[in-house]
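>>> Provided below for reference: sequence and predicted model.
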Amino acid sequence: MSATPAEPATPSEHLEPSEPFDRPVAVDPSGPERALPIRLNVDDSDSPADVVDALFLGRFATGEQPHSHSTTLDRVKPAATLLPAGAKVLRAAKDDDRGAVLAEGEGWTLLISRWNRGADVTVTATSAELAEKILKEATDGARDEPEPQPENVTMGFWYVSPRRGPHRTTRQISAGTWEEIRPNYTAPVADAMGRLMKVTPDDIAGRLLLLHGPPGTGKTSALRTLARSWRDWCQVDCVLDPERLFNDVGYLMDIAIGEDEGTAKGRWRLLLLEDCDELIRGEAKHTAGQALSRLLNLTDGLLGQGRNVLVGVTTNEDLERLHPAVVRPGRCLARIEVGGLTRAEALAWLGGDVQGREEALGREGATLAELFALRRGTAPAGVPESRRPDAGLYL
């Protein structure tokens, strides 16, 4: 769908949009809409939902309804129609992953764009008060907010949507307590993690949290529990596309500077970037361009000044391979190498499940993932030779 300039109307003419906006609208020759006349062209690449979106703009473009209010609902109750009382549906379009509804009432027009379990709702109206009122009626009680569970924590997830740009959605994530998961970590790691779980805003001396170590050692599980331990003072958000975050200045500014439900209340935020090996390894300055510099600027540079933002990074890289600027003293709130359990700790973890499995443990113990696999009776592939037992069995 494209827009091209239209021939200006004479002062005596009326603008007559096509259905459903078929009522003549008097045009003020001195109004701003006279300077921005448009004509929408539709071709076979446009969907019915695209047409609905375009029709919605009619009254706003002409100035008949010059006020607009909108909101995004991440989760909508299945039975919610998002239609105010008395709304007249003018158009409705639905495909596999998207739906659009156009409705109207006295002095207002409503567009509902549904996607997965969420929706964008926009109202245009003859006054700002009416637009706000109709939007509230449409969305009141429509959010699907599950009952909070003690074992769950609300986490945010950032990503760039092709349709909406940088977008944040929230989910309830199950997370164990530190006491429950402490046995999953070798003693030095458990001690360091235990201190981290007890951190408060007054204890923050660095803005970067770094967890590094082999895959399957429980880094992600620890971060879920950290989100639960800190939930009274810190909102934890996971960035799903970290490689894009530090290469897209607009995206970075939306996350670092933009207000959200956490920072609006003065709470801290922890941005989680998982598996960022390319970003923080030693040769990152050459391979990642400005990305590494922007990460460091967010943690202790001008970009992070005045913002209660922490950055948590997980990587499978060895400490020696990380960029020295990342691990320099004073930058990290915590820098924890998460490794496997020793053989004695692994046997203790298995507890009553040791019989018939003890011989499958490597001389150096096992990772958390290997222990879970062993308990299930499966043998994960790819265990290093040094981790395999003398009898030739492997996890």
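Cool, got the structure. Numbering: from 1, shown residues only.
>>> low-confidence ranges in the stretch 151-300 of the chain?
Where the stretch 151-300 of the chain drops to pLDDT under 70, the residues are 257-265, 277-289, 300.
>>> how is the chain partitioned into domains?
2-139, 152-337, 343-387 (automatic domain parsing).
>>> what is the end-to-end distance of stretch 250-268?
End-to-end distance for stretch 250-268, by CA to CA, to the nearest Å: 21 Å.
>>> cool, stretch 361-368 as well?
Length of stretch 361-368, first residue to last, CA to CA: 12 Å.
>>> check stretch 136-151 too.
32 Å.
>>> could you dump the domains of the chain into a markdown table with distance to Glu145 and mean neighbour count added?
No exception for glycine: its C-beta is placed from N, CA and C like everyone else's. Listed next are the domains of the chain as a markdown table, based on distance: least, CB to CB, whole Å; neighbours: other CB atoms under 10 Å:
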| stretch | distance to Glu145 | mean neighbour count |
| --- | --- | --- |
| domain 2-139 | 7 | 16 |
| domain 152-337 | 9 | 17 |
| domain 343-387 | 32 | 15 |
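>>> contact partners for Ser47?
93, 95 (CB atoms under 8 Å, 6 or more residues apart in numbering).
>>> residues contacting stretch 179-189, please?
Applying CB under 8 Å, 6+ apart, the external contacts of stretch 179-189 come out as 190, 193-194, 218, 221-222, 225, 336-342, 345, 348-349, 365, 368.
>>> next up, phi/psi of Pro214, please.
phi -60, psi 160 (degrees, to the nearest 10).
>>> from Lys94, how far off is it?
Going from Pro214 to Lys94 by CB to CB, to the nearest Å gives 47 Å.
>>> likewise Glu180?
Glu180 is 44 Å from Lys94, by CB to CB.
>>> do Lys198 as well
In terms of CB to CB, Lys198 sits 50 Å off from Lys94.
>>> just Pro66 next, same as before
30 Å.
>>> same question for Glu137.
Distance, Glu137 to Lys94, using CB to CB: 23 Å.
>>> just Gln290 next, same as before
Taking CB to CB, one finds Gln290 at 43 Å from Lys94.
>>> cool, Ala142 as well?
18 Å.
>>> next one: Arg75
19 Å.
>>> which phi and psi does Arg212 have?
One thing to correct before we go on: residue 212 is His, not Arg. According to degrees, to the nearest 10, His212 has phi -130, psi 150.
>>> partner residues bridging it?
Here His212 sits in beta bridges with Thr315, Glu337, as judged by DSSP bridges.
>>> I'd say it and Gly339 touch.
No - using CB atoms under 8 Å, His212 is not in contact with Gly339, being 9.7 Å away.
>>> mind listing the helices for the stretch 251-395 of the chain?
277-280, 284-287, 291-300, 324-327, 343-350, 368-376 (DSSP state H, counting those that start in this stretch).
>>> can you check the stretch 1-150 of the chain too?
According to DSSP H, counting those that start in this stretch, the helices that the stretch 1-150 of the chain contains are 48-56, 58-62, 128-139.
>>> how about those, which one is nearest Arg163?
helix 48-56 (10.4 Å; CB to CB).
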